[in-house]
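quick one, structure for this:
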Amino acid sequence: MNFAETEEHTALRQAVGAITDKFGSDYFTSRALAHESTDELWKALADSGFIGINLPEEYGGGGAGMTELAIVCEETAAHGCPLLLLLVSSAISGELIAKYGTDIQKRTWLPRMAAGETKVVFAITEPDAGSNTHRLSTRAVRDGDDYVLSGEKYYISGVDEAEALVVVAATGREPDSGRSQLSLFLVPTDAPGLNHQVLPVGVSLPEKQFTLHFDNVRVPASSLLGSENEGFAQVFDGLNPERITGAAICVGIGRFASA
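Below you'll find the model as predicted:
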């Protein structure tokens, strides 16, 4: 098997590295120590089409794939600026919205995500379940034309930088096993009843971590992302890209540390 990169991928690496070098590791370190976002770098990458490189062209993205997004993740990290929200917003939420969103959901979120104007983060982890989807206790109950969400999530990245969350919640029970059936929801970060608190962590990062409390958060049925009760299978179309891009960031950090 030939692992040699194409000329296009080599050029992509060079272009992402050149943009990141204009900011550099000192910029990233200062933002990390102050727990402040790296908005200027994010916008510069978006202006060149790299934040939404994996998103569909018809919604403002680059129309490329996970290989290209992984290169963006690796090269920003290799040049001293590992961006956690690339794998949260662009990889997880971006891929889920692109695959399962309605046309209205796609038109509402994907163009602005690709342009670097907003982020959509991801909420699955819970205090008593981690990311074990079979044990999630956050629930969404249908009430007329709405769903009502209740429960708790924690270690949720970048809530203060995002306009919405993709929330994984239980909506039913499997008749044979009794395991929770899951669904995905697009929930605004300013939805009434959604409270978020900064969760202190030992590492210095620009991105903050949060605990979320859903106190009967009411969202319209149009907030459902994909099909009700099919979220267990759907969510891996976000988690698998997360693993790929997370590994790419780690490779980039290793390259930076050994340079």
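
how deep is residue 52 tucked in, by neighbour count?
Using other Cβ atoms under 10 Å, the number of residues around residue 52 comes to 28. (Each C-beta comes from the backbone N, C-alpha and C, glycine too.)

quickly find the element holding it.
In this assignment (DSSP states H and E), residue 52 forms part of neither any helix nor any strand.

how far away is it from residue 70?
As judged by Cβ to Cβ, to the nearest Å, residue 52 and residue 70 stand 14 Å apart.

leaving out sequence neighbours, find the closest residue to residue 230.
Leaving out its chain neighbours, the residue that sits closest to residue 230 by Cβ to Cβ, 6 or more residues apart in numbering is residue 183, at 7.3 Å.

host element of that neighbour?
strand 180-188.

need the CA coordinates for that strand. CSV is fine.
Output of strand 180-188 as CSV, limited to C-alpha atoms (Å, rounded to 0.1, in the frame of the first residue of the first chain):
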residue,chain,number,x,y,z
SER,A,180,-32.3,3.2,26.8
GLN,A,181,-33.2,4.2,23.3
LEU,A,182,-31.4,7.4,22.5
SER,A,183,-32.1,10.4,20.4
LEU,A,184,-30.0,13.5,19.4
PHE,A,185,-31.2,17.1,19.8
LEU,A,186,-30.0,20.5,18.7
VAL,A,187,-30.4,22.7,21.8
PRO,A,188,-29.5,26.4,22.0
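
list the buried residues of the helix or strand encompassing residue 95.
Residue 95 belongs to helix 94-100 when assigned by DSSP H and E. For helix 94-100, a neighbour-count test (16 or more other Cβ atoms under 10 Å) marks 94, 95, 96, 97, 98, 100 as buried.

how close does the closest residue to residue 198 other than its chain neighbours get to residue 85?
Nearest residue to residue 198, sequence neighbours excluded (Cβ to Cβ, 6+ apart): residue 208, at 5.5 Å. Separation of residue 208 from residue 85 (Cβ to Cβ): 11 Å.

try residue 142
For residue 142, the distance to residue 85 - Cβ to Cβ - is 31 Å.

quick one: which of these two has more around it?
Counting neighbours by other Cβ under 10 Å for residue 142 and for residue 85 shows that residue 85 has the greater number, 24 against 14.

first-to-last residue distance for stretch 160-180?
29 Å (Cα to Cα, to the nearest Å).

run through the helices of the stretch 1-150 of the chain in chain order.
7-21, 24-34, 39-47, 66-78, 84-85, 94-100, 103-114 (DSSP state H, counting those that start in this stretch).

between these, which one is closest to residue 174.
Among those, helix 94-100 comes nearest to residue 174, with 20.3 Å by Cβ to Cβ.

and the contacts of the closest one?
52, 54-56, 59, 61, 105-106, 109-110, 113, 120, 166, 184, 186, 225-227, 234-235, 237-238, 241 (Cβ atoms under 8 Å, 6 or more residues apart in numbering).

report the buried members of these.
Using 16+ other Cβ under 10 Å, the buried members of these are 52, 54-56, 59, 61, 105-106, 109-110, 113, 120, 166, 184, 186, 225-226, 234-235, 237-238, 241.

how close does the residue nearest to residue 230 sit to residue 147?
8 Å.

nothing else from me, thank you.
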